[in-house]
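S.K.: Fold the following.
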Amino acid sequence: MKYSTTYYPQTDGQTEVTNRTLGTLLRALIKPHTKAWDLLLPHAEFPYNRTPSRATGLSPFKVVYGIDPLGPLDLIPRSFNQKPHPDAAARVEQIKKVHKLVRVRLKSLMKPIKLKPTSIGE
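M.R.: Purely as a prediction, here's the structure:
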């Protein structure tokens, strides 16, 4: 694992991709509202944390909490017999399964790529 500092942010490459993505998102949101940029941060954070990662196929929120947060369209009235959350023990097991799935997916991405040696000029 490579550590990053303020002046040398080089790490594994994922940090740079994340920073570039967040920078682009923030520039798009803040450009028309430069004086109130701090009020727009939650509007950037929520969709970013709800979007599935290419590496894991899951959102950062789901990896940490085991569920995706509710968005505006999820807040429509539900019937009384439909519960939004399972009981605590089942929830713990669900989160453990999500973490196991993420671990497996990330390990499969970390397998070294075997390249055939080539000679110059081929």
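S.K.: just so I have it, where are all the helices in the protein?
M.R.: Counting by DSSP state H, the chain has helices at residues 14-30, 37-50, 60-65, 88-110.
S.K.: Deepest in the core, which of those is it.
M.R.: When those are scored by mean count of other C-beta atoms under 10 Å, the highest mean neighbour count falls to helix 60-65 (a mean of 16). (Glycine included, C-beta is placed from N, CA and C.)
S.K.: Hmm, Lys97 and Val63 touching each other?
M.R.: No. At 11.6 Å, Val63 does not count as touching Lys97 under the criterion of C-beta atoms under 8 Å.
S.K.: before we move on, back to that, out of the helices of the chain, which gets nearest to Asp74?
M.R.: Asp74 lies closest, by C-beta to C-beta, to one member of the helices of the chain: helix 37-50, at 10.5 Å.
S.K.: Just want the angle from the closest one to helix 14-30.
M.R.: Angle of helix 37-50 versus helix 14-30, following axes from the mean of the first three to the mean of the last three C-alpha atoms, to 10 degrees, is 130 degrees.
S.K.: And the contacts of helix 37-50?
M.R.: With C-beta atoms under 8 Å, 6 or more residues apart in numbering as the test, helix 37-50 has contacts from 21-22, 25-26, 29-30, 33, 59-61, 68-69, 71.
S.K.: Likewise for stretch 95-104?
M.R.: Contacts of stretch 95-104 (C-beta under 8 Å, 6+ apart): 56, 58, 62-63, 65-66.
S.K.: okay, Asp38: pLDDT?
M.R.: As predicted, Asp38 sits at a pLDDT of 86.
S.K.: do the same with Arg78
M.R.: 63.
S.K.: and what of Gly57?
M.R.: Model confidence at Gly57 (pLDDT) stands at 89.
S.K.: Same check on Arg50?
M.R.: The model reports Arg50 with a pLDDT of 90.
S.K.: for the nearest residue to it once chain neighbours are set aside, what are its contacts?
M.R.: Nearest residue to Arg50, sequence neighbours excluded (C-beta to C-beta, 6 or more residues apart in numbering): Ser59, at 5.2 Å. Contacts for Ser59 (C-beta under 8 Å, 6+ apart) come out as 49-53, 68.
S.K.: and what of Lys35?
M.R.: With C-beta under 8 Å, 6+ apart, Lys35 has no contacts at all.
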